[in-house]
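Enquirer: A predicted structure for the sequence below; I have some questions about it.
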Amino acid sequence: MSVARLNSFGNFTCSVWSKDGLTIGNEEGLKGRSNLILNEIEKKLKEKYSLDELKQKTILDVGCYDGFYLTNLSHLNFKKIVGIEPKKKNILKGIEIRKFLKIQEPNIDFVCGDLSDLDKNEKYDIVLCLGVLHHVTDHLSFLKKLKNFTSEILFIDTRVTQDDLI
């Protein structure tokens, strides 16, 4: 894997990937955001569940981008891990960064699409929706959809920006 090939997938702006002293990513100027979110989610999960209980849980990441959060939570050995992302290029970006950094590919089922591409009758114990809401036009409808896929815990993170139209 060459640096040129990795660069062909564009900037790594939503998280910071690192292994063995090599770090890639810039978080769009929000330094430390991705690791703060990751650490808080893991902390909350370990407060609520034992490690044995987590092995029986399912997790869905809506708008998973390159799979950063699921990759870094996969050591909790969930029963089922699903990431859904509308842009195939972002899923491929995650595959390439894991290859480049020699991070073992976790057992994640990546789905290219949106919530309508999932079985509407399936529920996930844990749902992540991180950095997605600012891409959505109808927030209330979207949040209702998220709730319908969630059986236990829903983690939501978003950015708030000043917008004269709102």
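Expert: Nice, thanks for sending it over. Residues are numbered from 1 along each chain as shown.
Enquirer: name the element residue 140 belongs to?
Expert: helix 139-149 (DSSP states H and E).
Enquirer: For that helix, give the mean pLDDT please.
Expert: Regarding helix 139-149, the rounded mean pLDDT is 92.
Enquirer: Kindly report the same for stretch 32-52.
Expert: Here the average pLDDT along stretch 32-52 is 95.
Enquirer: Show me the contact partners of that stretch.
Expert: 14-16, 25, 27, 54, 57, 68-69, 72-73, 76-77, 126, 128, 130, 153, 155, 157 (Cβ atoms under 8 Å, 6 or more residues apart in numbering). To be clear about C-beta, it is placed using only N, CA and C from the backbone, and glycine gets the same treatment.
Enquirer: In the longest helix along the chain, which residues are buried?
Expert: In the chain, with assignment by DSSP state H, the single longest helix is helix 33-48. Residues of helix 33-48 classed as buried: 33, 34, 37, 38, 41, 45 (neighbour count, 16 or more other Cβ atoms under 10 Å).
Enquirer: about what we covered before: the helix or strand following the helix holding residue 140 vs helix 139-149, what angle?
Expert: Following helix 139-149 in sequence order, the next helix or strand is strand 150-157 (DSSP H and E). When axes from the mean of the first three to the mean of the last three Cα atoms, to 10 degrees is applied, the directions of strand 150-157 and helix 139-149 differ by 140 degrees.
Enquirer: In terms of secondary structure, what does strand 150-157 contact?
Expert: On a contact count with 3 or more Cβ pairs under 8 Å, 6 or more residues apart in numbering; DSSP states H and E, strand 150-157 meets helix 33-48, strand 124-130, helix 139-149.
Enquirer: Which of the residues in the last one are classified as buried?
Expert: It stands for helix 139-149. Within helix 139-149, judged by 16+ other Cβ under 10 Å, the buried ones are 142, 145, 146, 149.
Enquirer: tell me the angle that helix makes with strand 124-130.
Expert: Per the same axes, to 10 degrees, the angle that helix 139-149 makes with strand 124-130 is 150 degrees.
Enquirer: Please enumerate the helices of this structure.
Expert: Using DSSP H, helices in the chain cover 3-7, 33-48, 51-54, 68-73, 88-100, 139-149.
Enquirer: For residue 133, give its distance to residue 44.
Expert: According to Cβ to Cβ, to the nearest Å, residue 133 stands 19 Å off from residue 44.
Enquirer: typo on my end, residue 127
Expert: In terms of Cβ to Cβ, residue 127 sits 13 Å off from residue 44.
Enquirer: Which neighbours do the two have in common?
Expert: 153, 155.
Enquirer: Can you point out the buried residues in the helix or strand of the chain with the lowest mean pLDDT?
Expert: Least confident helix or strand, the chain: helix 3-7 with a mean of 72, by mean pLDDT, DSSP states H and E. For helix 3-7, burial by neighbour count (16+ other Cβ under 10 Å) applies to residue 6.
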